[in-house]
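Engineer: Okay, predicted coordinates and the sequence, questions at the end:
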Amino acid sequence: MGTAISPSLQTDSIVSIDSRSGYDSVTGIYHSKFPSVNLPSDPFLDIVSHIFYVDRGTHEALVDVPTGQIVSYEDLHWRVRAAAAGLSRIGIGHGDVVMIVAPNSVEYVVIMFAVMLVGAVVTTVNPVYTVAELAYQVKDSNPKLIVTIQQLVEKVVSFELPLLLLGAEQTPPTVSNSLPTYSFSYLISFDPNKLSTTQIRQNDTAALFYSSGTTGLSKGVIISHCNLIASTLQVEAHASDEAETHFSFIPLFHVYGFCTITCGMLRKGHTVVITPRFDFEQMLEAIQRYRVTVIPVVPPIVSAIIKSPVVSKYDLTSLKVLGSGGAPLSKEVIDAFAKQYPHVLLSQGYGLTETCSTGTLTDGTATHKLGSAGLLLTNLKAKVVDVESGRCLPPNAKGELLLHGPSITKGYLNNKGATSSSFDAEGWLHTGDSVYFDEDGYLYVVGRIKELIKYKAFQVAPAELEAILLQHPKIKDAAVIGYPDEDAGEIPMAFLVCSERGTLSEDTIKAYVAQQVAPYKKIRRVAFINEIPKSSTGKILRQELARLSKSKS
């Protein structure tokens, strides 16, 4: 990906925009340095039709690692339309919500697209969630159908909703005498040519991804068909025109796996090799077997590729790009990787659920921009504002990042308060990240302004963990912050005030929380203190706790 200057930055009349940084000194807005991409003008366009806009025939679309199954574009499109016809037959239609609680698979992709093709709404869930965590999302999103696998039925059966079992035979096992249970094979047995036409607008909701946003408990991020279309066009503009093969262990319940890798790369016509879970050696074997060219990774995997002796057993010469996200890479890791794999581009990026995944990306010319998250993608604009005054800041000045563009959501489901606090009247998303752009327009993420913890590629809300801790009979008060970690970016650290000092151990607290949350939300450090520092209004002073955490390291 090379740096190209947008035509808007080359217009002589717009003298206030610096072509080097993309910064407009009059408006305080940073503009993408890449040419703008025109969005489809047809108001009646859905993301699935947008992806399958051209017949790619027998070209490989998906490869399933556990089974070795290869699905062509032609076959994938047929299955999607057949499944959509099946969904219509069982009563799923425009505006209905379908929840998917399952690991990655070819069938997951088919159902995901089929739901959106009938005008219904996909909401995705991490399959490791506890029943309590699932219950929160079920209540908020109000699904009409839950899609899962036989091994996870016990987690969802108590919600008393119809089930669709992936991987099930024509007649799935009876889950409940009072609720219908369908199999995937039954769903795709319908004639795709008899799929009734559903009029879907670009502004209709296509998906709900639950995210902690800039702060607070998990919220349903409303992703429209227009958001997804804009996101895929961003991916298409920046992805290679060659026939690439992507390996993805990134879960489909995550916005990056859903939007960028699946929707984006399939729109581009690339091949996506998917696996239900991450296994380091399985990844290396897949690279060798399928001649994988692109892999999305997190920093610990980059380190493992550099250091693990098992890597030498596999042929990785097909690799062209490693796209790293979730946390910045250190200079030492970048240098070591470049020395061992000079033919592979190590790219870094920045994105949020609210931006439909990627917002910035480094390119092949940015090897000297160590630690940068890259340039704004096409069609995006940004501001860096002073937190106190709201004043827009020029290059190399640190402030809160604001983003604006067609791929950015309009808000959160059933939560006007959170929407108004994160999106201003002009539609600018206040990310809660402290950043700066340099004189060349490259973004650097300094840290968090708000309280959200970013553990690897996952978001952890301190309020959720604090609420769990405060339920313990021996804990009088609690506060949770993000503690810096080289591999994860941040880990959740709890500060506790106990009613009986010395009766609780760090291991006891960790186990207590671990029983109630997904693994990435676990408390990983604990400190016992006499009082939680708070403001006069009762707000936790997390910066003081951050300073205290350093003295306890």
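Structural biologist: Arrived safely.
Engineer: what about Leu361, neighbour count?
Structural biologist: Using other Cβ atoms under 10 Å, the number of residues around Leu361 comes to 24. Where C-beta positions appear, they are placed from N, C-alpha and C, glycine not excepted.
Engineer: for the stretch 101-250 of the chain, what spans make up the strands?
Structural biologist: Taking DSSP state E, counting those that start in this stretch as the criterion, the stretch 101-250 of the chain carries its strands at 121-125, 145-149, 163-166, 181-183, 205-211, 219-224, 245-248.
Engineer: care to break this structure down by domain?
Structural biologist: 7-36+278-448, 69-220, 458-551 (automatic domain parsing).
Engineer: May I have the distance across the second one, first residue to last?
Structural biologist: By that I understand domain 69-220. Its first and final residues considered, domain 69-220 spans 33 Å by Cα to Cα, to the nearest Å.
Engineer: In the sheet, which residues pair with the closest residue to Leu429 other than its chain neighbours? Tell me.
Structural biologist: Closest residue to Leu429 apart from its sequence neighbours, by Cβ to Cβ, 6 or more residues apart in numbering: Leu403 at 4.8 Å. Per DSSP bridges, the residues bridged to Leu403 are Ala382, Leu429.
Engineer: Leu403 and Leu443, how far apart?
Structural biologist: 10 Å (Cβ to Cβ, to the nearest Å).
Engineer: cool, Thr353 as well?
Structural biologist: To Leu443, Thr353 is 18 Å away according to Cβ to Cβ.
Engineer: So between those two, which is more surrounded?
Structural biologist: Leu443 (26 against 21).
Engineer: okay but that one is in contact with Gly351, surely?
Structural biologist: No: the criterion here is Cβ atoms under 8 Å, and Leu443 misses it with Gly351 at 11.0 Å.
Engineer: what do the two both touch?
Structural biologist: Thr360 (Cβ atoms under 8 Å, 6 or more residues apart in numbering).
Engineer: And for Lys522, the neighbour number?
Structural biologist: That count, for Lys522 with other Cβ under 10 Å as the rule, works out to 18.
Engineer: which residues touch it?
Structural biologist: 492, 510, 513-514.
Engineer: so what's the backbone phi/psi at it?
Structural biologist: phi -60, psi 140 (degrees, to the nearest 10).
Engineer: pLDDT score for Gly349?
Structural biologist: What the model reports as pLDDT for Gly349 is 88.
Engineer: so it makes contact with Leu322?
Structural biologist: No: Gly349 is beyond contact range of Leu322, at 11.4 Å (criterion: Cβ under 8 Å).
Engineer: Ala114 and Leu187, how far apart?
Structural biologist: Between Ala114 and Leu187 the distance is 8 Å, computed by Cβ to Cβ.
Engineer: Would you mind measuring the gap between the ends of stretch 520-529?
Structural biologist: 25 Å.
Engineer: now that stretch: mean pLDDT?
Structural biologist: Stretch 520-529 comes out with an average pLDDT of 94.
Engineer: Compare Gly349 and Leu322 and say which one has the larger neighbour count.
Structural biologist: Remark: of Gly349 and Leu322, Gly349 carries more neighbours, 24 against 20, as counted by other Cβ under 10 Å.
Engineer: Could you measure from the most centrally placed residue in the chain over to Cys356?
Structural biologist: The residue lying closest to the centre of the chain (Cα atoms, centre = their mean) is Val255, at 3.1 Å. From Val255 across to Cys356, the span is 7 Å (Cβ to Cβ).
Engineer: what is in contact with these two at once?
Structural biologist: Ile223.
Engineer: what's the top helix by length along the chain packed up against?
Structural biologist: If you go by DSSP state H, the chain has its longest helix at helix 73-89. Judged by 3 or more Cβ pairs under 8 Å, 6 or more residues apart in numbering; DSSP states H and E, helix 73-89 is in contact with strand 60-64, helix 106-117, helix 184-187.
Engineer: Between strand 60-64 and it, find me the angle.
Structural biologist: On the basis of axes from the mean of the first three to the mean of the last three Cα atoms, to 10 degrees, helix 73-89 is oriented at 70 degrees to strand 60-64.
Engineer: now what about helix 73-89, what contacts it?
Structural biologist: With Cβ under 8 Å, 6+ apart as the criterion, helix 73-89 contacts 48, 52, 55-62, 71, 98, 109-111, 113-115, 117-118, 120, 182, 184, 186-196, 266, 269.
Engineer: Any buried residues in it, and which?
Structural biologist: For helix 73-89, the neighbour count (16 or more other Cβ atoms under 10 Å) marks 73, 75-89 as buried.
Engineer: Ok, stretch 28-39 next?
Structural biologist: Neighbour counts over stretch 28-39 (16+ other Cβ under 10 Å) mark 28-34, 37 as buried.
Engineer: just checking, which of the residues you listed belong to strands?
Structural biologist: Applying DSSP state E to the buried residues of stretch 28-39, the entries found in strands are 30-31.
Engineer: Any chance of a markdown table for the buried residues of stretch 28-39, columns distance to Val497 and pLDDT?
Structural biologist: Below are the buried residues of stretch 28-39 laid out as a markdown table (distance: Cβ to Cβ, whole Å; pLDDT from 0 to 100):
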| residue | distance to Val497 | pLDDT |
| --- | --- | --- |
| Gly28 | 43 | 96 |
| Ile29 | 45 | 97 |
| Tyr30 | 44 | 97 |
| His31 | 49 | 96 |
| Ser32 | 48 | 95 |
| Lys33 | 50 | 93 |
| Phe34 | 51 | 92 |
| Val37 | 53 | 93 |
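Engineer: Just flag the most distant two among the buried residues of stretch 28-39.
Structural biologist: Using Cβ to Cβ, the pair of these lying farthest apart is Gly28 and Val37, separated by 23.9 Å.
Engineer: Check the gap between the nearest residue to Leu179 once chain neighbours are set aside and Val121 for me.
Structural biologist: Distances taken as Cβ to Cβ, 6+ apart put Pro162 closest to Leu179, at 5.6 Å, once the chain neighbours are dropped. According to Cβ to Cβ, Pro162 stands 16 Å off from Val121.
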